[in-house]
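Novice: what shape does this take:
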Amino acid sequence: MKRRVELEMRGRKPEEILDLNLDNCRSTSIEGLTSDFVNLESLSLINVGLTSLKKFPKLTNLKKLELSDNRISCGLENLSECTNLTYLNLSGNKIKDISTLEALQGMPNLKNLDLFNCEVTNLENYREEVFRLLPKLQYLDGYDKDDKEAEEDDDEEDGEVEGEDEDDEDDDDGEVEVTDEDDDDDEDEENVEDEDDDDDEEDGEEEEDEEGVEDEEDEEDDEVGLDYLEKEDLEDDSEGEDFAPGADDDDDEVEVEEDGKSDFFIDLLIFLGFCLYFCELASDWNWCC
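Specialist: Here you go, the predicted model:
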């Protein structure tokens, strides 16, 4: 525990400490905690393993003390010098008898006491007996004499209200400043949007011009293509008129017929020549005979 106290101080002086948390720092007794913590208001010793409160220092400004989940069964008189204590949590300890709580009568400012999960809570008329023993006590285990649940402390509520007021003022100031900045930002954004719109219009006009030029080029290409196709069709037609497959065939047939006739006449002349020749031979032969 002593080492944990030094760590929690973090280089500060004891009188500068207002809140000290020593939960789970295993120890059976109080160590390292002295009366030098004169301004300490809140101390937490939950689940430390304490069996005794001996050597508990005099802390006159202490208002809240957490001692739950330890093994304390007696010795509450060691807290008697904490005269400003208003909240004491002893839940989960070994307290069995109402008489053990008599030591708390020396705490005139004690308003809230928690003994939940202690064996003493199983006693008959436990709540009535504790409220009778400690007449200034307002809440026991989170409820008052009429079994109404405890409310927040007035000091805490006042602190919350003050904090909310300060936050509201800060928020209001922040809203004014942000509004001015937002106006400037809005104007800048509007200017930027106007410029963007102008750019978009210019881009749109350029795109339209480009599209118009492309359309004209496409139309010219189409016209050129059509002219070219028409010329090709005309050439094909002219070539078709000059070309006559049937005429060529007729010429070929005429030539064949003429060639056949000339060959026939030649053969005929040759034949007649042979006939005349043989006739002359025959006449000569007869003459000789």
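
Novice: mind giving me the packing neighbours of the strand or helix carrying R4?
Specialist: Using DSSP states H and E, R4 sits within helix 2-9. Under the contact criterion of 3 or more CB pairs under 8 Å, 6 or more residues apart in numbering; DSSP states H and E, helix 2-9 touches strand 19-21. C-beta: built from backbone N, CA, C; applies to glycine.

Novice: could you list the residues in contact with the strand it packs on?
Specialist: Strand 19-21 has contacts (CB atoms under 8 Å, 6 or more residues apart in numbering) with V5, E8, L33, F37, L40, E41, S42, L43, S44.

Novice: ok, and what's touching the following helix or strand past that strand?
Specialist: For strand 19-21, the following helix or strand on the C-terminal side (DSSP H and E) is strand 42-44. Here strand 42-44 makes contact (CB under 8 Å, 6+ apart) with 18-23, 33, 59, 62-66.

Novice: run the last query once more with 7 Å
Specialist: Applying CB atoms under 7 Å, 6 or more residues apart in numbering, the contact partners of strand 42-44 are D19, L20, N21, L22, D23, L62, K63, K64, L65, E66.

Novice: so for the helix holding R4, what gets flagged as buried?
Specialist: R4, V5 (16 or more other CB atoms under 10 Å).

Novice: point out where the stretch 51-200 of the chain drops to low pLDDT.
Specialist: Scanning the stretch 51-200 of the chain with the threshold set as pLDDT under 70 gives 152-200.

Novice: what separates C275 from I266, distance-wise?
Specialist: Taking CB to CB, to the nearest Å as the measure, C275 falls 15 Å from I266.

Novice: TSV for the contacts of strand 19-21, including distance to A103 and pLDDT?
Specialist: Below are the contacts of strand 19-21 laid out as TSV (distance: CB to CB, whole Å; pLDDT from 0 to 100):
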residue	distance to A103	pLDDT
V5	25	94
E8	28	94
L33	19	94
F37	22	96
L40	21	97
E41	22	97
S42	21	98
L43	18	98
S44	21	98
